[in-house]
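> Got a predicted structure here, sequence first:
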Amino acid sequence: MLYFEDIEIGRRQSFGRYDVTREEVIDFASKYDPQAFHLDDEAAAATHFSRLSASGWHTCAMTMRMLVENMKTESQAGLGSPGIDNLQWKKPVYPGDTLRVETEVIEKRRSKNRPDMGLFKSRCRVFNQDDIVVLEMVSNGLIRVRDPEAPIEG
């Protein structure tokens, strides 16, 4: 089990594989982001996307799936997330793309109010099959502390 104490600033990981399908792009958009360039080839062709593209929120959902699958393989003592910072959709994601994730821990601190909990921030980049960054954000993760009785440093 991976606890707060085990997380090191600078730790890098590369993981995931998500194949983006046309059917899923249209299904997600029809439910949650029904803009024409996510639903219709002709409408998308008339935009700067030039073809059908995934919603940025769909890209976030696919990223979350890869993050959670990675957490399962690590057996983290995770407690969820209070949010993300600096979310940027850098390039469009298209049906046929294959996505992957790279993370780097950039900060961590122990909660002063909840000594059983720590927070860590990771820079998260999502790449397509051509190694082009399509999404970038800073993810905030809450995680259990192995020894809540240990003094809080800093």
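Structure received.
> Show me which helix runs longest in the chain.
Determined from DSSP state H, the single longest helix within the chain is helix 56-74.
> So which bits of stretch 60-78 are buried?
By neighbour count with 16 or more other CB atoms under 10 Å, stretch 60-78 contains the buried residues Cys60, Met62, Thr63, Met66, Leu67, Asn70, Gln76, Ala77, Gly78. To be clear about C-beta, it is placed using only N, CA and C from the backbone, and glycine gets the same treatment.
> How about stretch 118-133?
For stretch 118-133, the neighbour count (16+ other CB under 10 Å) marks Gly118, Leu119, Phe120, Lys121, Ser122, Arg123, Cys124, Arg125, Val126, Phe127, Asn128 as buried.
> Nearest to Phe37 among those residues?
Using CB to CB, Asn128 is the member of the buried residues of stretch 118-133 that sits closest to Phe37, with 17.9 Å.
> nearest spatial neighbour of Ser55, skipping sequence neighbours?
In space, and not counting its chain neighbours, Ser55 is closest to Asp33: 3.8 Å by CB to CB, 6 or more residues apart in numbering.
> Tell me the spacing between the one you found and Val126.
To Val126, Asp33 is 17 Å away according to CB to CB, to the nearest Å.
> And Pro92, by the same measure?
12 Å.
> Now for these two: what residues contact both?
Val134 (CB atoms under 8 Å, 6 or more residues apart in numbering).
> Okay, buried residues for stretch 22-42 please.
Across stretch 22-42, burial judged by 16+ other CB under 10 Å covers Glu24, Val25, Ile26, Phe28, Ala29, Phe37, His38, Leu39.
> contacting residues for the third one?
Applying CB under 8 Å, 6+ apart, one finds that Ile26 lies in contact with His38, Leu39, Leu52.
> so the first one sits in a helix?
In this case it means His38. Yes: applying DSSP: H, G, I helix; E, B strand; the rest coil, one finds His38 inside a helix.
> Name the nearest residue to it, ignoring sequence neighbours.
Per CB to CB, 6+ apart, closest to His38 is Ala29, 3.4 Å.
> wouldn't that neighbour be in contact with Leu39 here?
Yes: if you go by CB atoms under 8 Å, Ala29 and Leu39 touch, sitting 5.2 Å apart.
> got the end-to-end distance for stretch 89-107?
Length of stretch 89-107, first residue to last, CA to CA, to the nearest Å: 22 Å.
> Report the buried residues of that stretch.
So for stretch 89-107, counting by 16+ other CB under 10 Å, buried means 89, 91-95, 97, 99-103, 105.
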